[in-house]
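# predicted structure and sequence below. I'll ask about it afterward.
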Amino acid sequence: MFSIVIPTHNRPGQLVGCMQALAHLHYPRDCFEAIVVDDGGETRPDEVVASFRDQLDATLLRQPHAGPATARNTGARRARGTFLAFTDDDCRPAPDWLKIFAVRFAKDPDCVIGGRTINALPDNPYSSASQHLIDYLYCYYNVDPARARFLTSNNLTLAAARFRAIGGFDTTFPGAAAEDREFCDRWLSHGYRMTYAREAVVGHAHALTFRAFWRQHFWYGRGAFCFHRIRARRGAGRIPIEPFAFYGNLLRYPFSHTRGAQALLLASLFVGTQVANAAGYFWEGGRRLVHE
């Protein structure tokens, strides 16, 4: 039994696509539920969720606007499934998504398992750059898929009891920014294991403009600052700075997957992500210094 938790905020159009994908999962209907958590949106998703109740065991919860980490925890508290499966409202799980996780959990029920996310908007350069960056991080941190170190929350599953036992997602993060990174780090600090299941695919249809792209990575920088602070409070020590090779390989990564002008564009956008990330990191640090 899986409980699929989907946070949403003012994106009913994207949520429709997600719910359609869940309705087409090749998995027994009585063995999973969909829990949509409305994170204080002005555009309420009542009609969207109601329209799928003849195809899915679908529940709608509401909370005051508090961010996706809190929304995921809200959904997890109401979940009836043995396992939680997290995705986002702009994601489209493949039909065999839950079936793959079920096979994996039959062998390793105490592991966090994360799947592969692919860009569903290949003609959008900003969406492509963001996904290529995640792909690079997965290559870097998950060299051994059976000993993964970083998994994103839009394609993540684990035992519900274990999730609750370690406290769920940290709700102090400012928006969608590094709460999954902190959760993975905390999970590993408990001595638990994470696995990357490349065959469990979710399509990510996150349309970005340049402004939205910059804002996304600026917020990632803010989240990175919060992650460092939270980790220090846990007594986990400072996170080592990645070697120069990490950044050199980052810039070369687009040229190993694309060619010509597209590779140059992706590489330049990769530079932009690092500038935005650094700006967000120091902005958040300065803001905390002023207010604390």
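Received the coordinates, thanks.
# can you give me the helices in this structure?
Counting by DSSP state H, the segments of the chain that form helices are 12-23, 46-50, 68-78, 97-107, 125-141, 160-165, 179-189, 210-233, 244-252, 260-291.
# just send those back as CSV, with mean pLDDT, distance to residue 90 and mean neighbour count too.
(Each C-beta comes from the backbone N, C-alpha and C, glycine too.) As requested, these are exported to CSV (pLDDT from 0 to 100; distance: least, CB to CB, whole Å; neighbours: other CB atoms under 10 Å):
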stretch, mean pLDDT, distance to residue 90, mean neighbour count
helix 12-23, 96, 4, 19
helix 46-50, 95, 13, 16
helix 68-78, 96, 12, 22
helix 97-107, 97, 15, 17
helix 125-141, 96, 10, 19
helix 160-165, 96, 22, 16
helix 179-189, 95, 15, 20
helix 210-233, 92, 12, 18
helix 244-252, 92, 25, 13
helix 260-291, 92, 19, 15
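# so which of the ones you listed is nearest residue 37?
Residue 37 lies closest, by CB to CB, to one member of these: helix 68-78, at 4.1 Å.
# what lies in contact with the closest one?
Helix 68-78 is contacted from outside by 3, 5-9, 35-37, 39, 59, 61, 63, 84, 86, 88, 153, 160, 163-164, 168-171, 173, 175-176, 179, using CB atoms under 8 Å, 6 or more residues apart in numbering.
# just the buried residues from those, in PyMOL please.
Applied in PyMOL, the following selects the buried portion of the contacts of helix 68-78 according to 16 or more other CB atoms under 10 Å:
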select buried, resi 3+5+6+7+8+9+35+36+37+39+59+61+63+84+86+88+153+160+163+168+169+170+171+173+175+176+179
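# related to what we said a few turns ago, want to throw the helices of the chain into TSV with distance to residue 115?
Conversion of these to TSV gives the following (distance: least, CB to CB, whole Å):
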stretch	distance to residue 115
helix 12-23	13
helix 46-50	24
helix 68-78	16
helix 97-107	7
helix 125-141	10
helix 160-165	17
helix 179-189	13
helix 210-233	21
helix 244-252	23
helix 260-291	23
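# of these, which is nearest residue 198?
Among the helices of the chain, helix 125-141 comes nearest to residue 198, with 8.8 Å by CB to CB.
# so which elements touch that closest one?
Judged by 3 or more CB pairs under 8 Å, 6 or more residues apart in numbering; DSSP states H and E, the packing partners of helix 125-141 are strand 112-119, strand 194-204, helix 210-233, helix 244-252, helix 260-291.
# outside of it, which residues touch it?
The contact list for helix 125-141 (CB under 8 Å, 6+ apart) reads 116-119, 121-122, 148-150, 152, 196, 204, 206-210, 212-213, 216-217, 246, 249-250, 253-254, 257, 262, 265-266, 269-270, 272-273.
# wait, which of the helices of the chain is closest to residue 200?
When the helices of the chain are ranked by proximity to residue 200, the top entry is helix 97-107, at 4.4 Å, counting by CB to CB.
# starting at the chain centroid, how far to that closest one?
Computed by CA atoms, centre = their mean, to the nearest Å, the separation of helix 97-107 from the middle of its chain amounts to 19 Å.
# who touches it?
By CB under 8 Å, 6+ apart, the list of residues contacting helix 97-107 from outside reads 2, 4, 25-27, 31-32, 83, 85, 111, 113, 115, 157, 159, 195, 197, 199-202.
# buried ones among these?
Burial by neighbour count, judged by 16+ other CB under 10 Å, picks out 2, 4, 25, 27, 32, 83, 85, 111, 113, 115, 157, 159, 195, 197, 200-202 from the contacts of helix 97-107.
# do you know how far residue 85 is from residue 103?
Distance check for residue 85 against residue 103: by CB to CB, to the nearest Å, it reads 14 Å.
# er, residue 24 I mean
Distance of residue 24 to residue 103, given as CB to CB: 19 Å.
# next one: residue 162
Counting by CB to CB - residue 162 and residue 103 are separated by 19 Å.
# now residue 144: phi and psi?
Dihedral angles of residue 144 (phi, psi; degrees, to the nearest 10) stand at phi -100, psi 100.
# check the one 10 residues further on too.
Residue 154 has phi and psi values of phi -90, psi 0 when expressed as degrees, to the nearest 10.
# distance between stretch 199-207 and the chain's centre?
Going by CA atoms, centre = their mean, where stretch 199-207 is centred and where its chain is centred differ by 11 Å.
# list of residues touching it?
Applying CB under 8 Å, 6+ apart, the contact partners of stretch 199-207 are 14, 17, 21, 87-88, 90-94, 96-97, 100-101, 104, 113-121, 124, 127, 130-131, 154-155.
# switch to 6 Å and redo it
By CB atoms under 6 Å, 6 or more residues apart in numbering, the surrounding residues in contact with stretch 199-207 are 87, 90-94, 97, 100, 115-121, 124, 127, 155.
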